[in-house]
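J.: can't give you the sequence, but here's the structure:
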């Protein structure tokens, strides 16, 4: 597998990258902080990724960075067959409500930026006959919920987009994998009170990698969140207004 | 989105004391450390070493800073972020034929913690502490500066940080050589030992031939049986002895609930110790061992500290210089029994030379460690009695395990404290970096 990883220096992205490195996949890292990416690249090389693991600058809030980053990945890997996007911004509902500029950045990164990046990536994958586009959305996009109104709205849009891609392009070889993590204990969620069924990034990564290998269009992780969200999606509004979930 | 401290219940492995602390947790350890008054790893020190001095003093959680930054397969030299755990290192390197030069009795420790505690292992009589092997450290100092230190660059700071309980600065990166091993399996021999004299003699004799040794003692046996137990010896298996396959991932079990206090009543403890002793029904056993079974037998049970129930537990570990044979060890065990001590697990190990760490625990002599549940009034008294004996014997205690020692007792054991304090004052005149333990024992401001 030759994979471009967007956001592999932290959290679930880091855990997934390490699994891919351990089985010897060829990797190319893109992200905002290039110094930090270089450190992650060394980590992945030591864990088994064929050296050198190269890196390039790419920022969800700078759409002009998308094409050059993917160009460079194509050159370094001599073509790639997998693109994984774990990058994204997160803030609590309270922070987003109180800071419109922060809200604008989160919405732009998690929806517009991610979708435009996926457009770039999908064109390149389709041009070589297909491949896998794995993108981390969230269970927050499953239903309008009090603690994740703005973040969830962006993720809902993203999930919708990814489903559309899957319908349109699967026949032409593009396998879209939309990952919907529930609560996962990472640096991003440190300080939030973990609900039941909170997951660990390593377990999430194992499940996601299996989904990538099998080309499953949608994966809830930890698995229990499929059931949890099935209930939440079907709760009547008068209950949703009452609960704080 | 920016790094926010959050409230979290913090304890050491003994689950006492508990602090409702402020935690900064991030992959970006330098940023977290900049605002923190202490760094902590996986919280495997038993007492208050990894706890903040106050509920509003932020502590940096290093566990997400776990990247391996450089490895030279020719020399084995490894550089990694301080939050990298021994568990991860074993997962990555054991199959490839590399192991850390010194491993403590659990793999759920970080490199930063191994440095700060200057951990020792079954090979101490040959290889010394972990700190002997550390080539370089990157620290974030109290004033925010980031510095490299080593034997040649800021050597005083380096020696104070090894075994310095995290009080000299935040350890950000650690560099040390991994060691090549002939196979990832252990060739071990264990022997049932009838009493303390034989145990001490056995350890000394085994030390001459075996690179790794340790003894387990039935700490409820009395009289002629005092000090009976099992002596374990090991070395890395040669490729022709070892199974062809690498050791499989061991299944781990979880202790599901906090046990009720009654679980550790005297009959149960006695039964456990008896069973452990007589499980070893043959006098001698030899053979190939899984490295986890040899190095980390207790790691097979996740959260085993819950067995000790609501009040938690502590470990008392001291080293007694063996100027006059096994007398000190015998006096210690007798004192433990007469002071009403009731131990669950007791480990005995002969130490080699003292290391370079200014406050590093090991020194030549016999080390004894025992776990016991905390009783609010009896435990502090017991620790006092044991400390009085250790002072009289010229020994000292291991801060990583300590929860109850009095500052005057600690000072009496540690003539090296002044030198350590001087280095600390030089790099951190305002005593910004401190822990609950340093408040208790070193007189730092709360």
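T.: Good, I have the coordinates. For clarity, every value in this text was computed on a predicted model and none was experimentally measured.
J.: Below-threshold pLDDT in chain A: ranges please.
T.: Within chain A, no stretch falls below the threshold (pLDDT under 70).
J.: go with 90
T.: Applying pLDDT under 90 to chain A flags the ranges A:187-197, A:244-245.
J.: And the strands in it?
T.: A:2-6, A:26-31, A:54-57, A:82-85, A:131-136, A:174-181, A:218-221 (DSSP state E).
J.: Just give me the residue right at the centre of the chain.
T.: You didn't say which chain, so I picked chain A. Geometric centre of chain A, nearest residue: residue A:136, 2.4 Å, by C-alpha atoms, centre = their mean.
J.: Switch to chain B, please.
T.: Using C-alpha atoms, centre = their mean, the residue of chain B that lies closest to the mean C-alpha position is residue B:119, 5.2 Å off.
J.: was I right about that residue contacting residue B:104?
T.: Yes - the criterion here is C-beta atoms under 8 Å, and residue B:119 meets it with residue B:104 at 4.0 Å. Where C-beta positions appear, they are placed from N, C-alpha and C, glycine not excepted.
J.: shared neighbours of those two, which are they?
T.: Residues within reach of residue B:119 and of residue B:104 at once, by C-beta atoms under 8 Å, 6 or more residues apart in numbering or on different chains, are residue B:130.
J.: Pretty sure the residue nearest to the centre of chain B sits in a strand.
T.: No - per DSSP: H, G, I helix; E, B strand; the rest coil, residue B:119 lies outside any strand segment and is coil.
J.: How about the stretch 301-446 of chain B: which residue is closest to chain A?
T.: Per C-beta to the nearest C-beta, residue B:302 is where the stretch 301-446 of chain B lies closest to chain A, at 12.8 Å.
J.: Let me see the contact set for residue 66.
T.: I'll assume chain A. Counting by C-beta under 8 Å, 6+ apart, residue A:66 touches A:58, A:116, A:117, A:120.
J.: hmm, I had chain B in mind actually
T.: B:80, B:81, B:83, B:84, B:85, B:88, B:110.
J.: Top of these by number of neighbours, please.
T.: residue B:110 (29 neighbours; other C-beta atoms under 10 Å in any protein chain shown).
J.: ok, for the residue in chain A that chain B sits nearest to, nearest residue in space, not its chain neighbours?
T.: Per C-beta to the nearest C-beta, residue A:191 is where chain A lies closest to chain B, at 2.8 Å. Leaving aside its sequence neighbours, residue A:191 sits nearest to residue B:6 (C-beta to C-beta, 6 or more residues apart in numbering or on different chains; 2.8 Å).
J.: Same question for residue B:269.
T.: Excluding the flanking residues, the one nearest residue B:269 by C-beta to C-beta, 6+ apart is residue B:344, at 5.5 Å.
J.: Next, the contact list for the one you found, please.
T.: Taking C-beta under 8 Å, 6+ apart as the criterion, residue B:344 is in contact with B:219, B:264, B:269, B:272, B:273, B:313, B:370, B:371, B:372, B:373.
J.: element containing the third one, please.
T.: Spelled out, it's residue B:269. helix B:266-279 (DSSP states H and E).
J.: Same question for that helix: list its buried residues.
T.: Neighbour counts over helix B:266-279 (16 or more other C-beta atoms under 10 Å in any protein chain shown) mark B:269, B:273, B:277 as buried.
J.: any chance of those in a markdown table, with pLDDT too?
T.: Formatted as a markdown table, the buried residues of helix B:266-279 follow (pLDDT from 0 to 100):
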| residue | pLDDT |
| --- | --- |
| B:269 | 83 |
| B:273 | 85 |
| B:277 | 88 |
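J.: Among those residues, which one lies nearest to chain A?
T.: Distances from chain A to these, taken by C-beta to the nearest C-beta, are shortest for residue B:269, at 34.0 Å.
J.: returning to what we had before: so the residue of the stretch 301-446 of chain B closest to chain A makes contact with residue B:250?
T.: No - Residue B:302 is not in contact with residue B:250 according to C-beta under 8 Å; the separation is 11.5 Å.
J.: Please list the residues of the stretch 1-150 of chain B that sit near chain A.
T.: B:1, B:4-7, B:23, B:25-28, B:61, B:64, B:67-71, B:92 (C-beta under 8 Å from any C-beta of the partner chain).
J.: By mean pLDDT, flag the weakest helix or strand of chain B.
T.: Between all helices and strands in chain B, the lowest mean by mean pLDDT, DSSP states H and E belongs to helix B:266-279, at a mean of 85.
J.: Tell me the gap between it and the middle of its chain.
T.: Mean-position distance between helix B:266-279 and its chain equals 24 Å (C-alpha atoms, centre = their mean, to the nearest Å).
J.: which is the next helix or strand following the helix or strand encompassing residue B:381?
T.: Residue B:381 belongs to helix B:378-393 when assigned by DSSP H and E. Using DSSP H and E, the helix or strand that directly follows helix B:378-393 along the chain is strand B:396-397.
J.: What pairs with that next one, parallel or antiparallel?
T.: Using DSSP bridges, strand B:396-397 pairs in its sheet with strand B:313-320 (antiparallel).
J.: So which elements touch the helix holding residue B:381?
T.: Helices and strands touching helix B:378-393, by 3 or more C-beta pairs under 8 Å, 6 or more residues apart in numbering or on different chains; DSSP states H and E, are strand B:313-320, helix B:327-338, strand B:396-397, helix B:407-413.
J.: want to throw those into CSV with mean pLDDT, mean neighbour count and distance to residue A:195?
T.: Listed next are these as CSV, based on pLDDT from 0 to 100; neighbours: other C-beta atoms under 10 Å in any protein chain shown; distance: least, C-beta to C-beta, whole Å:
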stretch, mean pLDDT, mean neighbour count, distance to residue A:195
strand B:313-320, 96, 25, 30
helix B:327-338, 91, 18, 46
strand B:396-397, 98, 24, 42
helix B:407-413, 98, 16, 43
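J.: circling back to that earlier point, tell me how many other residues crowd the residue of chain A closest to chain B.
T.: Applying other C-beta under 10 Å, we find 17 residues neighbouring residue A:191.
J.: I'd assumed residue B:4 was in contact with it.
T.: Yes - in terms of C-beta under 8 Å, residue A:191 counts as a neighbour of residue B:4; the distance is 5.8 Å.
J.: What are the neighbouring residues in contact with residue 58?
T.: I went with chain A, as the question did not name one. A:6, A:30, A:31, A:32, A:65, A:66, A:69, A:117 are the contacts of residue A:58 under C-beta under 8 Å, 6+ apart.
J.: Chain B was what I was after
T.: Here residue B:58 is in contact with B:5, B:21, B:22, B:23, B:24, B:35, B:36, B:37, B:52 (C-beta under 8 Å, 6+ apart).
J.: how much space between it and chain A?
T.: In this structure, residue B:58 and chain A are separated by 12 Å, where distance is defined by C-beta to the nearest C-beta, to the nearest Å.
J.: Could you find the closest non-adjacent residue to residue 36?
T.: With no chain named, the answer covers chain A. Of all residues not flanking residue A:36 in the chain, residue A:9 sits nearest, at 5.3 Å (C-beta to C-beta, 6+ apart).
J.: hmm, I had chain B in mind actually
T.: Of all residues not flanking residue B:36 in the chain, residue B:60 sits nearest, at 3.7 Å (C-beta to C-beta, 6+ apart).
J.: Could you pull up the residues touching residue 27?
T.: All of this is about chain A. Taking C-beta under 8 Å, 6+ apart, we find residue A:27 in contact with A:3, A:5, A:8, A:17, A:20, A:21, A:41, A:44, A:49, A:53.
J.: think we crossed wires, I meant chain B
T.: Counted by C-beta under 8 Å, 6+ apart, residue B:27 has contacts A:9, A:10, A:11, A:14, A:187, B:64, B:65.
J.: And for residue A:156?
T.: Here residue A:156 is in contact with A:140, A:141, A:142 (C-beta under 8 Å, 6+ apart).
J.: mind listing what the first one touches?
T.: Shown here is residue A:140, whose contacts under the criterion C-beta under 8 Å, 6+ apart are A:148, A:151, A:152, A:155, A:156.
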